[in-house]
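Participant: quick check, what structure comes out for this input:
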Amino acid sequence: MCDRDQAIIRAIKDGQVDRFADLIECYEPRLRQFIRQYLTAYRLDDLVDDMVQETFLKAFNHLHNFRDDEAAFSTWLYTIARNTVLSELRRSRNYDVQLDDHLTERLRSQIRTPEQTVLIGETTAVVRQAIMSLPARQRRALVLREYEELEYKDIADRLGLTVSSVKSLLFRARSALKAKLEPYITDGAMEGNER
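Facilitator: Numbers count the residues shown, from 1 in each chain. Take a look at the predicted model:
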């Protein structure tokens with residue numbers, strides 16, 4: 001979260017469009033990481049730059065619709081990023097999509113054995129399902145900490161909580177995940193994927 005989001009957004013809405021560069025400078029590193037995590041799972045890392053640019057372009061084009069009294073700019077931006085990436089993933093899974101030669105070659109070079117592919121797919125699905133089954137606040141706190149790698153203070157600001165509340169949420173979320181995933185770890189189904 002940038003310290004001056006509201007002031008920058010007001011300035012942009014008042015016609016100082018060059019101030020959007022300040023938002024890009026602040027949010028690009030974390031946004032890039034957020035998008036990469038989605039695309040890496042589908043071996044589409046080459047699309048990260050495009051998705052980052054498209055997200056910022058959409059944000060710029062629709063900034064007049066953003067209401068800072070209803071949501072933080074970061075939350076709004078990550079929602080745009082998520083929707084942009086999911087749309088791209090839906091398109092990319094369509095057989096009519098033509099991948100450029102570089103991306104096609106890269107995908108070929110990363111081919112795994114059928115057993116590895118099945119194991120990774122099953123593990124990802126189990127972990128995703130376990131995370132999605134958490135209560136909403138625990139899930140949000142966990143995603144912000146583990147996937148967006150935010151500091152406790154930033155998570156507290158984003159969720160409107162105290163740092164101690166965030167730590168408590170994370171403790172409960174991790175305990176619940178451990179309980180849900182322990183049978184898979186014990187069975188060796190997730191071997192090599194433990195943190």
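
Participant: so which strand or helix has the residue nearest in space to the middle of the chain?
Facilitator: For the chain, the residue nearest the mean C-alpha position is F34 (3.6 Å; C-alpha atoms, centre = their mean). Per DSSP states H and E, F34 falls inside helix 20-40.

Participant: list the contacts of that helix.
Facilitator: For helix 20-40, contacts defined as C-beta atoms under 8 Å, 6 or more residues apart in numbering pick out 2, 4-5, 8-9, 12, 45, 47-48, 51-52, 55-56, 59-60, 63, 73-74, 77-78, 81-82, 85-86, 89, 147-150. Yep, even glycine has a C-beta here, placed from its N, CA and C like the rest.

Participant: PyMOL command for the buried members of those?
Facilitator: Buried residues among these (16 or more other C-beta atoms under 10 Å), as a PyMOL selection:
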select buried, resi 5+8+9+12+47+48+51+52+55+56+59+63+73+74+77+78+81+85+89+148+150
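
Participant: which of the contacts of helix 20-40 fall within helices?
Facilitator: When the contacts of helix 20-40 are checked against helices (DSSP state H), the matches are 5, 8-9, 12, 48, 51-52, 55-56, 59-60, 73-74, 77-78, 81-82, 85-86, 89.

Participant: now the helix holding F34: buried residues?
Facilitator: For helix 20-40, a neighbour-count test (16+ other C-beta under 10 Å) marks 20, 22-23, 26-27, 30-32, 34-39 as buried.

Participant: show me the shaky parts of this protein.
Facilitator: 1-3, 92-124, 184-195 (pLDDT under 70).

Participant: please redo it, this time with the cut-off set to 80
Facilitator: Across the chain, the ranges flagged by pLDDT under 80 are 1-3, 38, 40-44, 68-71, 89-128, 146-149, 181-195.

Participant: quick check: longest helix of it.
Facilitator: helix 163-186.

Participant: would you map out the domains in the chain?
Facilitator: Here the domain parsing of the chain from automatic domain parsing is 1-110, 112-195.

Participant: for I9, list the residues it contacts.
Facilitator: 23, 63, 66, 68, 73.
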